[in-house]
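*Asks:* build the 3D model from these lines:
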Amino acid sequence: MKFIIGKKLGMTTIYDKEAGALNVTLIECEPNKVSTLRTSEKDGYDAVQLEVQKTKNKVFKKEFRIGEASEAKTGDALTIEAFEIGDKVKISGITKAKGFQGVVKRHGFKGSPKTHGHKHDLRAPGSIGAQQPQHVIKGKRMAGRMGGKRASSLNVKIAYIDKEKNILGVKGAVPGVAGRIVEIVG
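*Replies:* Numbers count the residues shown, from 1 in each chain. Okay, the predicted model is just below:
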């Protein structure tokens, strides 16, 4: 199993001879240090905990479960050497936070018509309940905070690797803003 922690740099376009122009997200994957090893004898499961420098004073740690005991040792460094162009990976991270949003942006509501007596309620949610029961049902789609949650992009293809600069280029978009930590699992 291949896994690494990286920092999203942003999106760009690269040109491939066969495919033409590819929109890729660049992820900087500095060598990850193995901070802890979990074993099934001691902890009840097998896992490797990686750590990477998030900012000058903060360290980000993430545990990755593995099938059997790993040959990695505490203090080892994992690099992008394990990944190859064409590999399909799962990339997880925290999405962009959009703050308090209305129902049209948050849930894709159509909104009211512009005419026929609808003067100021184009983007209003409409009716939110019935006569019985006399309260708003739990889970009703309404305005509220949007984004800022964990999301994953599945089956993302690796299109570019720069081993000198520790940069992976994956096809398409990745959750989060530029500079945010993402986890890559192959």
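*Asks:* look up how far Arg106 lies from the residue nearest to the spatial centre of the chain.
*Replies:* In the chain, the residue lying closest to the centroid (Cα atoms, centre = their mean) is Gly93, at 2.8 Å. Taking Cβ to Cβ, to the nearest Å as the criterion, Gly93 is separated from Arg106 by 20 Å. In this view, the C-beta of every residue, glycine as well, is placed from N, C-alpha and C.
*Asks:* residues contacting the residue nearest to the centre of the chain?
*Replies:* 8, 150-151, 174-176, 180-183 (Cβ atoms under 8 Å, 6 or more residues apart in numbering).
*Asks:* repeat that with 6 Å
*Replies:* 175-176, 180, 182 (Cβ atoms under 6 Å, 6 or more residues apart in numbering).
*Asks:* ok, Ala143 touching Gly102?
*Replies:* Yes: between Ala143 and Gly102 there is a contact under Cβ atoms under 6 Å: 4.8 Å.
*Asks:* any idea how far Pro175 is from Arg150?
*Replies:* 8 Å.
*Asks:* would you map the strands across this protein?
*Replies:* Along the chain, counting by DSSP state E, strands occupy 3-16, 20-28, 32-38, 47-53, 59-65, 77-78, 88-94, 97-101, 144-147, 150-162, 167-171, 181-185.
*Asks:* paired strands for the shortest one, with orientation please.
*Replies:* Strand 77-78 pairs in its sheet with strand 32-38 (antiparallel), by DSSP bridges.
*Asks:* can you list contacts of the partner strand?
*Replies:* So strand 32-38 is in contact with 4-5, 47-52, 72, 74, 76-78, going by Cβ under 6 Å, 6+ apart.
*Asks:* low-confidence stretches in the chain?
*Replies:* Where the chain drops to pLDDT under 70, the residues are 69-70.
*Asks:* great, nothing more from me.
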